[in-house]
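S.K.: Here is my input, please return the structure:
(one chain, ligands or ions: 1)
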Amino acid sequence: MGAAKTGNGHKIATIGSHSALQILYGAKQEGFSTILICENGREQPYKSYKVADELILVSKFNEMLKLQEKLLSEKAIIIPHATFFDAFGLEEVEKLKVPYFGNKKILKWEADRLLQREWLKKAGLILPKIYKKPEDIDGPVIIKFYGARGGKGFFLARSAEEFYKKIKEREARSYIIQEYIVGAPIYIHYFYSPLTDELEVMSFDRRYESNVDSIGRIAAKDQLDLGLETSYNITGNMPLVVRESLLPEIFRMGEAAVKASRKLDGDKIGLYGPFSLETVITPDLKFFVFEISARIVAGTNLYINGSPYTDLKYGEPMSTGRRIAREIKAAIEQNKLAAILN
Ligand code: ATP
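M.R.: Numbering: from 1, shown residues only. Reported below is the predicted structural model:
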């Protein structure tokens with residue numbers, strides 16, 4: 001991977017966290033030059049793995065806003081990820097002048113849990129029930145706080161009494177009460193190409209969360225004696241392949257989410273690029289979708305060299321980061337770049 005041979009002078013840029021290694025490495029595999037905007041003190045991995053042709057150090061990510069003219073002059077295309085939205089917030093992202101891969105009109109539908117629910121319902125997906133008030137709780141529920149990063153502070157309850165007891169111990173914040181689905185969590189990584197009108201299933205992961213994924217190592221009696229509270233703070237991701245007979249439904253769900261998204265924005269363009277359905281599958285093999293992420297998810301970092309599924313499709317290493325770069329490259333070649341940038 002040397003200097004840029006493709007991309008018509010365009011460079012791929014992102015900010016240094018989340019899936020930046022994968023995004024920039026994938027961009028270089030496709031022949032693009034890369035730019036990383038990174039907070040001081042967080043640059044070591046990017047230097048070590050040499051994914052950035054240009055490393056711009058800032059004291060806070062949102063200083064990128066002051067670098068827009070420079071990025072524009074370098075024909076940079078921004079690839080967003082979760083840290084990007086944390087750093088800038090929805091309004092700033094919507095106002096960005098630097099070309100951005102993805103449909104910004106979908107963002108508000110993803111950011112608001114209620115709008116997101118409307119979207120997933122329109123797609124005909126099965127969702128966990130939402131309880132309007134604690135008194136309605138009639139089974140296991142998970143209480144989720146708005147804006148909680150990595151599921152911090154989420155807790156479980158089985159009754160209104162338990163809910164009130166536990167919520168008292170936490171700082172006041174808005175929350176939703178959602179049916180807790182007992183099953184196997186599966187995070188599905190998709191890519192939808194507006195150029196080929198094809199939905200691709202890229203890979204799957206399961207999460208490694210602290211402390212919930214270590215509680216099983218402690219005997220039930222000790223768990224009770226220690227008075228443990230579960231938390232769901234994400235620390236990493238683990239690879240997964242699914243039972244093959246589940247794949248038709250997985251394709252169907254992804255296609256339904258894309259199709260329904262076209263009814264959400266005025267332009268009928270809808271969702272494209274990478275996205276993920278976060279699901280729990282029950283013992284009777286029903287997928288409950290509890291969230292959609294309309295962007296690259298960190299679980300795809302497992303597959304920098306491709307997944308079993310991208311192997312089948314591409315026969316060469318194809319990460320989600322590389323897939324994004326390939327889409328941009330194809331759009332440049334077909335003179336359709338404007339259709340995939342915002
Ligand atoms: P994200 O970073 O994806 O926005 P988050 O902080 O909003 O995450 P979730 O992913 O919604 O948190 O949930 C955290 C944890 O709770 C995950 O382990 C997930 O599998 C589990 N979980 C969430 N909703 C449910 C549900 N309805 N039933 C069972 N488990 C759930």
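S.K.: Is the helix or strand where residue 233 lies in proximity to the ligand?
M.R.: Assigned by DSSP states H and E, residue 233 belongs to strand 232-239. Yes - judged by CB under 6 Å from any ligand atom, strand 232-239 comes into contact with the ligand at residue 232. (Glycine included, C-beta is placed from N, CA and C.)
S.K.: got the residues of this structure near the ligand?
M.R.: Going by CB under 6 Å from any ligand atom, the residues of the chain near the ligand are 128, 142, 144, 148, 150-151, 154, 178-181, 185, 207, 209, 232, 278, 280, 290-291.
S.K.: who are the neighbours of the next helix or strand after the strand holding residue 233, in terms of helices and strands?
M.R.: Using DSSP H and E, the helix or strand that directly follows strand 232-239 along the chain is helix 247-261. In this structure, helix 247-261 makes packing contacts with helix 113-122, strand 184-193, strand 198-211, strand 273-281, strand 287-293, judged by 3 or more CB pairs under 8 Å, 6 or more residues apart in numbering; DSSP states H and E.
S.K.: So for the following helix or strand past the third one, mean pLDDT?
M.R.: Right, strand 198-211. Tracing the chain past strand 198-211, the next element assigned as helix or strand by DSSP H and E is helix 220-225. Mean pLDDT, computed over helix 220-225, is 91.
S.K.: Mind checking which of the residues of the chain next to the ligand are buried?
M.R.: Buried members of those, scored by 16 or more other CB atoms under 10 Å, are 128, 142, 144, 151, 154, 178-181, 185, 207, 209, 232, 278, 280, 290-291.
S.K.: re the thing from before, what sits up against the strand holding residue 233?
M.R.: 150-152, 154, 187, 203-212, 298-299, 301-303, 307 (CB atoms under 8 Å, 6 or more residues apart in numbering).
S.K.: next one: stretch 197-204
M.R.: In contact with stretch 197-204 (CB under 8 Å, 6+ apart) are residues 186-193, 239-242, 247, 250-251, 254-255, 258, 274, 299-300, 302-303, 307-310, 313, 318, 320, 323.
S.K.: and it, which residues are buried?
M.R.: Here stretch 197-204 shows 199, 200, 201, 202, 203, 204 as buried, counting by 16+ other CB under 10 Å.
S.K.: Before we move on, what's the pLDDT of residue 1?
M.R.: At residue 1, pLDDT is 52.
S.K.: how about the nearest residue to the residue of the stretch 51-200 of the chain found nearest the ligand, chain neighbours excluded?
M.R.: The nearest approach of the stretch 51-200 of the chain to the ligand comes at residue 151, 3.3 Å away (CB to the nearest ligand atom). Distances taken as CB to CB, 6 or more residues apart in numbering place residue 232 nearest to residue 151, at 3.0 Å, with adjacent residues excluded.
S.K.: Show me the residue at the heart of the protein, geometrically.
M.R.: In the chain, the centroid-proximal residue (CA atoms, centre = their mean) is residue 297; its distance is 3.0 Å.
S.K.: doesn't residue 187 make contact with that one?
M.R.: Yes - contact criterion CB atoms under 8 Å: residue 297 and residue 187 qualify, at 6.7 Å.
S.K.: shared neighbours, the two?
M.R.: Taking CB under 8 Å, 6+ apart as the criterion, residue 297 and residue 187 both touch 205, 276.
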